[in-house]
Every structure is written in structure tokens, then in C-alpha cells.
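Engineer: Quick one, structure for this:
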Amino acid sequence: MRILELAPGQPDILSLLCRICRAAGREPAAEALLRRIVRLHPDTFWATNELTLALLAKGAIAEAEIHARNAMRIAPENPQSHNLMGMAMTEAYRPQVGEYHYRKVIELSGKRSPILLANLAWNLKQQGRMAEARALYEEATAEGPELLQTLLGWARMEETDRDFERAGELLDRAEALAPGNPSVLLSRAVLHGRRQSYPQALAMIAAAESEGQSLGPNELLEKGRLLDRIGRYDDAFVAFTEGKQKCREQGGLVYREEYARQLAERLKRFFTESRLEMLPRAGLREDVAQPIFIMGFPRSGTTLVEQTLSAHPRISAGDELPFINDIAGAMRRTFNSPLSYPEALAELWMGDRRDGLETLRDQYLGRVRQLGILKPEAAWFTDKMPLNETHLGLIALIFPCSPLIHVIRHPLDVVLSVFANNLTHGFNCAFALETAARHYLLVMELVAHYRAQMTLRYLPVRYEDILDGQEDAVNRMLDFIGEPFDERCLQFHENRRYARTASYAQVTEPLYLRSRYRYRHYMKQLEPVIPILEPAIQRLGYAID
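Structural biologist: Residues are numbered from 1 along each chain as shown. Down below sits the predicted model:
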């Protein structure tokens, strides 16, 4: 410290101080020093690498991606750069990009290390390519039979693929390797939960806690969901609250409310009827499958709708595609504009930018093609990125003929379910009930604005209506899209694709009613957010009872 007072920013001393802090267990101080090194000396690969790993470990995925990309720029032929990108892209729900980088690690290093193989297997699992993932897990465990995390990842894959017996056998192997290990016990809890053996699942969590293991945020939230299933609602809410507190502490993420409000106001100012009359619309590309945008707040039922529609032979599942957000973020560069989105759309009024929307359309469709998600006979693919409705106006300009299906659920149920899961969508609004409620209201007011100002191919679908009349709801959606009814859509739970969301387990079961009006069990806990949500509840035609 005395040296740094004399020579601030000296990289070798900052590096040494960072190692001292790590050795002393002072991780926040070490992370702060890594940030300082990267800021002052942006070409320092080791610091960029360490900072990326630290951010990934605490779940700050968006920031980790920024530094992983910088590592690639610094050292494009270093296998570790590609490994960082593989991890970041997999965690950021872009597994196809992550797979490319993991395979580059093998190409550049000439090695198939067990840990790398396990990481690639997890990536393929995220893409729903279970057979390929299984083969890699087998290879990884043959090369490194002592690696506990590989066995746990493989067991989770088999649980996801509904082979509960095989998952149990793998957890037996993991327990033989590490008797009483809390991670093994927690994995057994998840498996018991999938089998609807809720008391046994809670017993496993209690056993993990008795081992002196402090439950992490995801484990606490899982505990809360299990308690909810057996009707212990007060205890469940306590677990949700503790889990969300740990999410905030470990991730250091807070709701970016001011930014969200400013963006919403700018979108409302730009997307007005008079401006939109002067803006062009992109033409239809008839040579490729077209997107169906399934919109909705997280936990509103969008995964159920996608799983239902993608059972149709002419509709492929795209899952959560980040491309609309990416297009909005890159619009200044794309149009070479001094303005950012949405104001950069003013460039379309200029003669040499009149085809700008076709450029954005082709960027989107090109990235979809790279993913390889389309079935050979598909005329459509789904895009169910949460909160795409924020950019409803932009989507309607780029794809004016695409169906926009907006899934709506009782706002209190939505906010409660958001609170029960570890989500970062919506500018990190999900870490508290009040911020989730405020962001929900903000988004719904923005949707109302778009609908008042422009013509949209828009269909609102209530989650509760799907539960009450599944066939009617499916017919209505398919008719809106322009496709004939198909019985397979009613058996969505037999759709073997992997839904890469918190709802992956629910959509493997037939329709059930336990999530409808679940808020009634938590009225006392939800009292602070009822006044916030009341305008949306009334506008959407719901009641509180």
C-alpha cells in the first residue's frame, strides 16, 4: 500500500496485493483490485481472466460476458480465452456460441480434459442434445472418475431428461465418492422433488443443513418451492426471502430502476402515431421460416405456450433468443447514428437509410439460421425472450407480419412466482417483491402505449384460460398464426425438447391447476405490492379475492 501511494496503478504491485487479499480470504477486495487492473491496464490477460471467472461464480453473467469478449480480443489463440467465452455464452443462454468456443479449446490445446468435456456436455444439455451430452459425460467420468461435479452435472442432465432412475444411480456414485456431501444431498432433493416426493426432498435439504452447509440462494429458493408444494406457505415465503437476500448479497445486483424508467419514457416519446406514420416497415422474407413472438413477463406462462406450439410439426422452438435486445443495443453502430435506440430509428427518414429495417431483419434471421434450430418442415419458429414486449414497437417495424402472442397471468401470481425463482431479467427487478411489481407495471403501461399508437398483429392470451379450456386456447392461437389444429399440441408434456427455463420441470407434466391464483395463500406477504399492481390488475380484468 505504501508503494502504491508513491506509484498509483503500478501493475506488479496491484497484482501482488490482489494475491495477498485472496490468500487472506478477502474476495471483495481482490475483485476490486482486479477491476482496477483491468481498467488501468485493459490488455492484461491474467486479470481479465480472473475477473471473468469471479463474475461468473457470483452470477454476474452480463458483466462477465463483457470481460470474456475482451479476453478474446487480447488473446484470440489462447485456449483459456475460448474457455471463458464458452462458459459465459452457456450461462448467458447462448449455448450454440458457447459450444463453438469449447470446441475451439479442444482444437487449440489438442486435449480433451475431463473438466472441459463436462462443461461441453452441460452446454449440449442446455441445447437439448441429451444423447451427445451423455456420451461426453461418459468420456469425462472415464478420464476423471474422481470429479464430483461431473457426476452431479450428469445426474442433473438425466433428471432433466426424465430418466430419474439413472439420475439416482449417478448420485449413488457421487455419494460413494463424497459421503454426506451437501451438494449430493441437495441434488437428491431436486430429484425427489421431480418425483413429487416432497417430504423426502425436504429431508435431504435438512440433512444438507445439518452437515453445516449454509444453503446458497438457489437451494433456499428450491426449499421454498418444496414447502409451497406441501402447503407450508409461511415457511415457504421465509425461504424465498432468505434466498433472495443471498442473491442480492452474492451477486451484488440491484434493480436499475431509473434506467428502466428513462428507457420506457424514451420509447413512449418516440413510438407515437405521428412518427410511426413516417416510418417504413420491413418487407416479408418468404424464403425463410418466420418468427412467432411469445411475449410475457417472466413466470407468466410463456414456456407453456412455446412447448404447446412447438409440438406442431410446422413450428420450431427457438427458446429465449436475445437478438431483439442485441439489435436495439447495436443500433447506433448499425445505422452509424449519433443517437442510440430508440432515437436512432430517426435515421430511417433519410434516403440512404430507408432499407435499414431490412438490414435489422436480415441480421436477426441470419443469427437464427446459425443456431440450427429449424425443423426441415418448419414455417415458423418461436422467440420467447422474456420482456421482449418492451421492444414491441421495434419488433412490429422489423416483422410487421409476425404473430405477437402476449401471455398474461394474474399480476400477483406473476410477482410471487418471480420472487420464488432466481431471475435477472428486467434490469434485476426480481430480487424484491416491490421492485418486481414496479417493473411489471412499467412494462404493462408500455404495452398499452404501443397498442394505442400503432397497428399490431397482437393476441393476448390468459394463462388461466389455457388451464380452463386448453383446446379452445390452442385453437385460438393456431388460428391466429394461420396453422391448422394439431392434436399433438394438447399433449405438450410429451414434447421431448428441453425448455431452458425455470419452468423446465413443469412443462413435462400435464396441465395442472395448482399454480392458478396461488397468490391467495400469500395475501399477508403480498400486501405491500397490492397498491402497486392494482392499476394493472384492474386494466387486465382480474380481481383480488
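
Engineer: State the mean pLDDT of the lengthiest helix in the chain.
Structural biologist: Ordering each helix of the chain by length in residues (DSSP state H) puts helix 433-453 first. In this model, helix 433-453 has an average pLDDT of 97.

Engineer: What's the first helix or strand after it?
Structural biologist: Under the assignment DSSP states H and E, the closest C-terminal helix or strand after helix 433-453 is strand 458-462.

Engineer: In the sheet, which strands lie alongside that following strand, parallel or antiparallel?
Structural biologist: Paired neighbours of strand 458-462 in the sheet (DSSP bridges): strand 404-408 (parallel).

Engineer: buried sites along the strand it pairs with?
Structural biologist: Buried positions in strand 404-408, judged by neighbour count with 16 or more other C-beta atoms under 10 Å: Leu404, Ile405, His406, Val407, Ile408. C-beta here means a position set from N, CA and C on the backbone, and glycine is covered the same way.

Engineer: What is the neighbour count of the residue nearest to the fourth one when sequence neighbours are not counted?
Structural biologist: What that stands for is Val407. Nearest residue to Val407 in three dimensions, chain neighbours excluded: Gly296, at 3.7 Å (C-beta to C-beta, 6 or more residues apart in numbering). Using other C-beta atoms under 10 Å, Gly296 has 25 neighbouring residues.

Engineer: what's the answer for the one 5 residues further on, then?
Structural biologist: Look at Gly301: counted by other C-beta under 10 Å, it has 27 neighbours.

Engineer: Distance of it relative to Asp43?
Structural biologist: Distance of Gly301 to Asp43, given as C-beta to C-beta, to the nearest Å: 47 Å.

Engineer: go on, Arg26?
Structural biologist: Counting by C-beta to C-beta, the gap from Arg26 to Asp43 is 26 Å.

Engineer: the more surrounded of those two?
Structural biologist: Neighbours per residue (other C-beta under 10 Å) separate Arg26 from Asp43, with Arg26 holding more: 14 against 11.

Engineer: Phi, psi for the more buried one please.
Structural biologist: When quoted as degrees, to the nearest 10, the phi and psi of Arg26 stand at phi -100, psi 70.

Engineer: now it: how far from Cys18?
Structural biologist: Distance, Arg26 to Cys18, by C-beta to C-beta: 10 Å.

Engineer: Over to Glu91?
Structural biologist: For Glu91, the distance to Cys18 - C-beta to C-beta - is 24 Å.

Engineer: now do Ala57
Structural biologist: 16 Å.

Engineer: Ala133 now?
Structural biologist: According to C-beta to C-beta, Ala133 and Cys18 sit 36 Å apart.

Engineer: Neighbour count: those two, which is higher?
Structural biologist: Taking other C-beta under 10 Å, Ala133 and Cys18 do not tie; Ala133 has more neighbours (25 against 22).

Engineer: where does that one land in three-state SS?
Structural biologist: helix (DSSP: H, G, I helix; E, B strand; the rest coil).

Engineer: Do you have the helices of the stretch 401-545 of the chain handy? List them.
Structural biologist: For the stretch 401-545 of the chain, applying DSSP state H, counting those that start in this stretch gives helices covering 411-419, 425-428, 433-453, 463-468, 470-481, 523-526, 530-539.

Engineer: quick one, which of the ones you listed is packed in tightest?
Structural biologist: Highest mean neighbour count among the helices of the stretch 401-545 of the chain (mean count of other C-beta atoms under 10 Å): helix 411-419, with a mean of 26.

Engineer: looking at the helices of the stretch 401-545 of the chain, which is closest to Asn70?
Structural biologist: For the helices of the stretch 401-545 of the chain, distance to Asn70 was read as C-beta to C-beta. The smallest value, 22.4 Å, belongs to helix 425-428.

Engineer: same question for the closest one, mean pLDDT?
Structural biologist: The model assigns helix 425-428 a mean pLDDT of 90.

Engineer: so what does that helix touch, helix or strand wise?
Structural biologist: On a contact count with 3 or more C-beta pairs under 8 Å, 6 or more residues apart in numbering; DSSP states H and E, helix 425-428 meets helix 257-270, helix 433-453.

Engineer: List the buried residues of the lowest-mean-pLDDT helix or strand in the chain.
Structural biologist: Among the helical and strand segments of the chain, the one scoring lowest on mean pLDDT, DSSP states H and E is helix 2-6, with a mean of 82. Under the neighbour-count criterion of 16+ other C-beta under 10 Å, helix 2-6 has nothing buried.

Engineer: What are the boundaries of the strands in this structure?
Structural biologist: For the chain, the strands defined by DSSP state E cover 290-295, 315-316, 380-383, 404-408, 458-462.

Engineer: Just checking: what are the partner strands of the first one?
Structural biologist: Here strand 290-295 has these sheet partners by DSSP bridges: strand 380-383 (parallel), strand 404-408 (parallel).

Engineer: Compile those into TSV and extend it with columns for distance to Gly393 and mean pLDDT.
Structural biologist: TSV is the format used below for those (distance: least, C-beta to C-beta, whole Å; pLDDT from 0 to 100):
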stretch	distance to Gly393	mean pLDDT
strand 380-383	16	97
strand 404-408	11	98
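
Engineer: and Val254, what does it touch?
Structural biologist: Val254 is in contact with Arg248, Asn428, Phe431, counting by C-beta atoms under 8 Å, 6 or more residues apart in numbering.

Engineer: before we move on, back to that, please identify which of the strands of the chain is closest to Leu540.
Structural biologist: Per C-beta to C-beta, nearest to Leu540 of the strands of the chain: strand 404-408, 5.9 Å.

Engineer: what's the angle between that closest one and helix 470-481?
Structural biologist: 150 degrees (axes from the mean of the first three to the mean of the last three C-alpha atoms, to 10 degrees).

Engineer: And the contacts of strand 404-408?
Structural biologist: 292-296, 300-302, 304-305, 389, 392, 395-396, 447, 456-463, 477, 480, 540.

Engineer: Stretch 40-57 now?
Structural biologist: So stretch 40-57 is in contact with 9, 11, 14-15, 18, 27, 30-31, 34-35, 37-38, 61, 63-64, 67-68, 70-71, 74-75, 78, 80-81, 84, 87-88, 91, going by C-beta under 8 Å, 6+ apart.

Engineer: Now the buried members of those residues.
Structural biologist: 14-15, 18, 30-31, 34-35, 37-38, 61, 63-64, 67-68, 70-71, 75, 78, 80-81, 84, 87-88, 91.

Engineer: okay but Ala207 is in contact with Leu185, surely?
Structural biologist: Yes - counting by C-beta atoms under 8 Å, Leu185 is a contact partner of Ala207 at 5.0 Å.

Engineer: ok, those two, which is more surrounded?
Structural biologist: The neighbour comparison of Ala207 against Leu185 (other C-beta under 10 Å) goes to Leu185, with 22 against 17.
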